[in-house]
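**Student:** I'd like to go over a predicted model; first the sequence, then the structure.
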Amino acid sequence: MSTAVADREVALVDLVDRLLGGGVVIAGDITLSVADVDLVYVSLRALISSVATAQEKQLLPRMGEAW
Amino acid sequence: MRDKVLAAPKDLDPLSVEPPRLEDALSRRINADPESVERGLVQLVLTIVELLRQLMERQALRRIDAGSLTEEQVERLGTTFMELDRRMEELRDEFGLDVEDLNLDLGPLGRLL
Amino acid sequence: MIRLIAITDDASMPPAPLHAVGCGRLTAICAPVDEHSGGADSLWRHEELVESLMETRDLLPVRFGTQLADDEAVAQAVGARGGQLAQRLELVRGAVELALRVDERGAAEPPLTGAATGTEYMQLQADRVRNGRMIHDELAALARETTMLPGPELLRAAYLVERSNVDAFVARVRKLQEANPELVLICTGPWPPYSFADEERA
């Protein structure tokens, strides 16, 4: 894994905390990516990597491949 | 955009950034049985997936109502949700969980789903 | 539909494809809907947009995924909270957000198995909590504002740090890491002030 990619992996939890859990909340239509389930995967993965267990990698195979 | 990591131990493995502390915390508080801890975590994960699936389905239905999706997108969404449902069922079976098992009781906040 | 990505009181025009919507004394910065949305990449792309804006102005980042019908809807929604948002902008002016996660290194040896009595157990628990707290307090002294975030780690927190103080903050994190080899300290940033942008968080 290249350093740049590895750094993004490390920072992903913090990115998700902020973009999805922080910021100004304005009355609007909060739209997760509905046409692409990957965003759900990203959020969950960030959540789960913060509660990482050995099982995690088996529980959620990459969506689009095994799903 | 610059690299976001300002400080971290050099030997950090990015794929296992956080050690399994939640599992430890759960096992100390709830039950020392590792199998039930695993099951509890699976329960939590699947519940969250189910929540998000419902949220996304609702949003998708709103957009279909508003006519802002193409037939192709609708079809793709439909199969994605079906696949998700199927996979969730498989995972539940694998871990011996019912749909009801995912409906966590949050006490004063009511049921989750 | 348009995406609302940031709120500022700098009236200058943002670079294309962004556009500005006047909302009284505030300005809302909007972007077209991202056609290729999905995955971590869309989060990072959004983040790059906000950060490039932040290079030339103070701003409050808006929660990811916020979409409104059009400029009028934006002006109305932002205008309705104008007073609060202006106050928040003052709070974050000239500062950036730094993220910190602190946890024990590895779970190979659950730290509490060393306890022989209930009192020792409580002592060990207290020690662990105190470690996280001490680190937090030391770093909070270098920040304008701070908030804890939910997370399973010993400590997960956000710090609003004067731009000119960022280097000193990071240097302190490194020192604290050296002083605590049994812990893992991860500091990322600088981020736009997401955790200080709205009441709910701070």
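**Tutor:** All right, it came through fine. Numbers count the residues shown, from 1 in each chain, chains lettered A, B, ... in the order given.

**Student:** Mind naming the longest helix for chain A?
**Tutor:** As assigned by DSSP state H, the longest helix anywhere in chain A is helix A:3-21.

**Student:** So for it, mean pLDDT?
**Tutor:** Mean pLDDT, helix A:3-21: 85.

**Student:** next one: stretch C:137-147
**Tutor:** 97.

**Student:** what distance separates the start and the end of it?
**Tutor:** Terminal residues of stretch C:137-147 lie 11 Å apart, using Cα to Cα, to the nearest Å.

**Student:** Buried residues of it, list them for me.
**Tutor:** C:139, C:142-147 (16 or more other Cβ atoms under 10 Å in any protein chain shown). All C-beta atoms are positioned from the backbone trio N, CA, C, and that covers glycine.

**Student:** Following element in sequence after the least confident helix or strand in chain C by mean pLDDT, please.
**Tutor:** Least confident helix or strand, chain C: helix C:118-140 with a mean of 75, by mean pLDDT, DSSP states H and E. Next helix or strand after helix C:118-140 toward the C-terminus (DSSP states H and E): strand C:145-148.

**Student:** Quick one: check the helix or strand where B:D93 lies for contact with chain C.
**Tutor:** Here B:D93 is covered by helix B:71-94, with elements defined by DSSP H and E. No. Helix B:71-94 does not reach chain C (Cβ under 8 Å from any Cβ of the partner chain); its nearest approach is 11.2 Å.

**Student:** got it, and stretch A:6-20?
**Tutor:** Yes. For a cut-off given as Cβ under 8 Å from any Cβ, stretch A:6-20 has contacts with chain C, namely A:8, A:10-20.

**Student:** Tell me the pLDDT of residue 47.
**Tutor:** As the question left the chain open, I've gone with chain A. 50.

**Student:** meant chain C actually
**Tutor:** pLDDT, C:E47: 95.

**Student:** so what's it up against?
**Tutor:** Applying Cβ atoms under 8 Å, 6 or more residues apart in numbering or on different chains, we find C:E47 in contact with A:15, A:19, B:1.

**Student:** which non-adjacent residue is nearest the first one?
**Tutor:** With Cβ to Cβ, 6 or more residues apart in numbering or on different chains as the criterion, A:L15 has its nearest non-adjacent residue at 5.8 Å, and that residue is C:L43.

**Student:** and the one you found, how far is that from A:T3?
**Tutor:** 20 Å (Cβ to Cβ, to the nearest Å).

**Student:** Equivalent analysis for B:A7, please.
**Tutor:** Distance from B:A7 to A:T3, by Cβ to Cβ: 15 Å.

**Student:** likewise C:A141?
**Tutor:** From C:A141 to A:T3 the distance is 32 Å (Cβ to Cβ).

**Student:** With adjacent residues omitted, what lies nearest to B:R92?
**Tutor:** In space, B:R92 is closest to B:L46, 6.5 Å off (Cβ to Cβ, 6+ apart).

**Student:** which residues does C:Q177 contact?
**Tutor:** Per Cβ under 8 Å, 6+ apart, neighbours of C:Q177: B:7, B:9, C:183, C:185.

**Student:** before we move on, the earlier item: quick check: which element contains the residue nearest to A:L15?
**Tutor:** helix C:39-54.

**Student:** cool, and C:E178?
**Tutor:** helix C:166-179.

**Student:** and the angle for the helix or strand following that helix with helix A:3-21?
**Tutor:** Using DSSP H and E, the helix or strand that follows helix C:166-179 in sequence is strand C:183-191. Strand C:183-191 and helix A:3-21 meet at an angle of 70 degrees, taking axes from the mean of the first three to the mean of the last three Cα atoms, to 10 degrees as the criterion.

**Student:** what about strand C:183-191, distance to the chain center?
**Tutor:** Relative to its chain's centre, strand C:183-191 lies at 11 Å (Cα atoms, centre = their mean, to the nearest Å).

**Student:** contact partners of it?
**Tutor:** Under Cβ under 8 Å, 6+ apart, the answer for strand C:183-191 is A:10-11, A:14, A:18, B:4-9, B:12, B:17, B:19, C:96-105, C:131, C:135, C:154, C:161, C:163, C:166, C:169-170, C:173, C:176-177.
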